[in-house]
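1. quick check, what structure comes out for this input:
(2 chains)
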There are 2 protein chains.
Amino acid sequence: MQVKKPTILLNKERVMNNIKKMVEKAKKSKVLFRPHFKTHQSADIGEWFKELGVSAIAVSSVDMAEYFAEHGWTDITIAFAINVRQIDEINKLAEKITLNLLVDSQEAVTFLKENIKSKVNIWIKTYTDYHRTGIHWDNESLLSSIIRDIKSSENLNFVGLLTHSGHTYNSKSKLNIEDIYEDTVLKLLNIQERLFLQGFAHVKISVGDTPSCSIINDFAGVDEIRPGNFVFYDVMQLLLGSCKEEDIAIAVACPIVAKYPERKCVAIYGGAIHLSKDYLEKDDGTKYYGLVALQDGKGWGKILENTFVASVSQEHGLIITTEDILEKLEIGDLLYILPIHSCLTSNLLRKYTTLEGKEINFNTKF
Amino acid sequence: MQVKKPTILLNKERVMNNIKKMVEKAKKSKVLFRPHFKTHQSADIGEWFKELGVSAIAVSSVDMAEYFAEHGWTDITIAFAINVRQIDEINKLAEKITLNLLVDSQEAVTFLKENIKSKVNIWIKTYTDYHRTGIHWDNESLLSSIIRDIKSSENLNFVGLLTHSGHTYNSKSKLNIEDIYEDTVLKLLNIQERLFLQGFAHVKISVGDTPSCSIINDFAGVDEIRPGNFVFYDVMQLLLGSCKEEDIAIAVACPIVAKYPERKCVAIYGGAIHLSKDYLEKDDGTKYYGLVALQDGKGWGKILENTFVASVSQEHGLIITTEDILEKLEIGDLLYILPIHSCLTSNLLRKYTTLEGKEINFNTKF
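-> Below you'll find the model as predicted:
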């Protein structure tokens, strides 16, 4: 394969390994594995999950649900607050597949009661600490009144409480992630029991972030896990300890367009519209937008030391490296950028090429 | 028009005003106005420029050059270091149109001498202060040896020195931008004169950033200006003083999906994959990813005070606002997000809708 411009290379073996590990882990804990497909957004990659026995998925928009429903998925959670402006599309989906929706307010339930035309499953979005969206886990009165309201509607089937502990992304260590996971689950089990005492038989619990799902081995008490990023992992996950370097399954191949030896710098074709502007900071506060590897066989090798994407403009990036490495590089060579956040990079490039040169499709609905 | 999901609304009147002002300014200074089309990437919007007499443009990739060449543009500068892996595509373009290329090293010139098959114009990319890409303006010996080499080739026509003073984006005030602009131009005029003494008759000067081009009124000494962002402007430009609020020509209409009165917060459908992760910081260090307006007629109104996009995840954003404003908002209402950086937002959403509901096309080559 001749790479001409920024191209995501995908190591299928690593993807399959990442999926397999999570499938087995879920099996061992007897929880439903409902992978979040917003990271890869690919029907082809979806098929690899199917081969490994996965039949239920989560997505982050109505459009993404339509895309995967058209590709044969019949049990989809739209893990995002209801967008009332897409109620027609939601109704069409609910007619065809097992559709699971999230609500996080009384208003949303009222809206669904009045507007949904087929049976759907309803999760209540809760938060335990990380202030994103949802209802606070401890707000028993609000939760029970909403559950009661859901249960009063013929088309709404209440399932349980769903949370995304996004604050694991700000963790500094594995230990910290374990603490956050345990804290989250303890809180959810606590409210589950209190709701049980109010007469609500088994309220299910769904949790979801990649750091927790990668590090925790025993999901006792939980009914469903929904990690997404684990399929590819990335530099952020590597730093969190969610994965090893050899688990990172995508890299962006970028042509070198200029060399500046006096600044130990090379310019690549590959910028904000390819890699995204997600960054991490070194201990001294220096921002970086990706780590860098050289070609190795059909794929890429070890992460280069003292080498990083130091800045990105719209189309190009500047890489700071060492004299030794710089000497080996020529204009026209490819560098392999390991993305900070693989979800955003995938969404920008909207295509993958395997190491064997096969093109992998991407969501066409956006 | 019924907005169902994050949609860029475009105020055509403002776009036309922004273009007109720049056309007139360039005319007054007798410089060539070569707008950079990487901001809008739209053949339709290109036509509006044509109506106002523009015939030469800059783009930031070979693909973008192909797109605009297919839409009738015949004088295009690829304002980006040569990507040698796309030499076939470059040669095809050079056959059809007046193609202007950038070089920033001896290697690039050597490569072009050996590989280019038709006549092309060559600019040397220089930098005066902002360490992005190019050759330092003061490196007279390197510049003259490269110019000599370019002139020795039949197909390469040396034109001049091109710079992008990207450090105006880090300016704190209009005055600072003026200083940077004057410093840049003085340096370029200095090297221009020194090259003249070496026998190189009028070496042209091309400058390009939106802040300078918006604030400076007299481009004496310069041959060509290449601003891009001015067509839409954005919050960053507003803060730099490049534009007034009424000049910002695009806003992303985003449906409200949840309200959290206890946190003075609303969640919108509209996140990192719509707005980008470009941010600005308030005086206290708080990051924000966009400012917010309410609907006003067919468009949007004044920027709301004490209201901003406080965080973005892949698909949704959280807006912090005041109690007063929150009271007026309902789930399903639209909020209008003024982007921090309109180039990245446009590239993510790849479509525009005018206030009259007309769809405006976008670059199909990426």
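2. quick check: the residue of chain A positioned farthest from its centre vs chain B, distance?
-> Within chain A, the residue lying farthest from the chain centre (Cα atoms, centre = their mean) is A:Glu262, at 39.6 Å. Counting by Cβ to the nearest Cβ, to the nearest Å, the gap from A:Glu262 to chain B is 9 Å. All C-beta spots, glycine's among them, are computed from the backbone N, C-alpha and C.
3. output the contacting helices and strands for the longest helix seen in chain A.
-> In chain A, assigned by DSSP state H, the helix with the most residues is helix A:174-197. Helices and strands touching helix A:174-197, by 3 or more Cβ pairs under 8 Å, 6 or more residues apart in numbering or on different chains; DSSP states H and E, are helix A:140-151, strand A:156-162, strand A:204-207, helix A:210-215.
4. output these as JSON lines; include the columns distance to chain B and mean neighbour count.
-> Below are those laid out as JSON lines (distance: least, Cβ to the nearest Cβ, whole Å; neighbours: other Cβ atoms under 10 Å in any protein chain shown):
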{"stretch": "helix A:140-151", "distance to chain B": "11", "mean neighbour count": "16"}
{"stretch": "strand A:156-162", "distance to chain B": "14", "mean neighbour count": "22"}
{"stretch": "strand A:204-207", "distance to chain B": "16", "mean neighbour count": "24"}
{"stretch": "helix A:210-215", "distance to chain B": "13", "mean neighbour count": "25"}
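5. identify each buried residue in the lengthiest strand in chain A, please.
-> Assignment by DSSP state E gives strand A:299-312 as the longest strand of chain A. Neighbour counts over strand A:299-312 (16 or more other Cβ atoms under 10 Å in any protein chain shown) mark A:Gly299, A:Trp300, A:Ile303, A:Leu304, A:Thr307, A:Phe308, A:Val309, A:Ala310, A:Ser311, A:Val312 as buried.
6. which ones among those also lie next to chain B?
-> Applying Cβ under 8 Å from any Cβ of the partner chain, the subset of the buried residues of strand A:299-312 adjacent to chain B comprises A:Ser311.
7. now stretch A:137-157: mean pLDDT?
-> Stretch A:137-157 carries an average pLDDT of 96.
8. off-centre distance for that stretch?
-> The chain centroid and the centroid of stretch A:137-157 are separated by 28 Å under Cα atoms, centre = their mean, to the nearest Å.
9. export that stretch to CSV, keeping only CA atoms.
-> Provided in CSV are the C-alpha atoms of stretch A:137-157 (Å, rounded to 0.1, in the frame of the first residue of the first chain):
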residue,chain,number,x,y,z
TRP,A,137,-27.0,8.6,42.4
ASP,A,138,-28.2,9.6,45.9
ASN,A,139,-31.3,11.5,44.8
GLU,A,140,-33.6,8.6,45.8
SER,A,141,-36.8,10.5,45.8
LEU,A,142,-36.3,11.8,42.2
LEU,A,143,-35.1,8.4,41.0
SER,A,144,-38.0,6.6,42.5
SER,A,145,-40.6,9.1,41.2
ILE,A,146,-39.1,8.9,37.7
ILE,A,147,-39.0,5.1,37.8
ARG,A,148,-42.6,5.0,38.9
ASP,A,149,-43.5,7.3,36.0
ILE,A,150,-41.6,5.2,33.5
LYS,A,151,-43.4,2.1,34.8
SER,A,152,-46.8,3.8,34.3
SER,A,153,-46.3,3.9,30.6
GLU,A,154,-47.0,0.9,28.4
ASN,A,155,-44.2,1.5,25.9
LEU,A,156,-41.5,2.3,28.4
ASN,A,157,-39.8,-0.6,30.0
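10. touching that stretch from outside, list them.
-> A:103, A:105-106, A:109-110, A:112-113, A:116-122, A:124, A:126-128, A:135, A:158, A:161, A:163, A:187-188, A:190-191, A:194-195, A:198, A:200, A:203 (Cβ atoms under 8 Å, 6 or more residues apart in numbering or on different chains).
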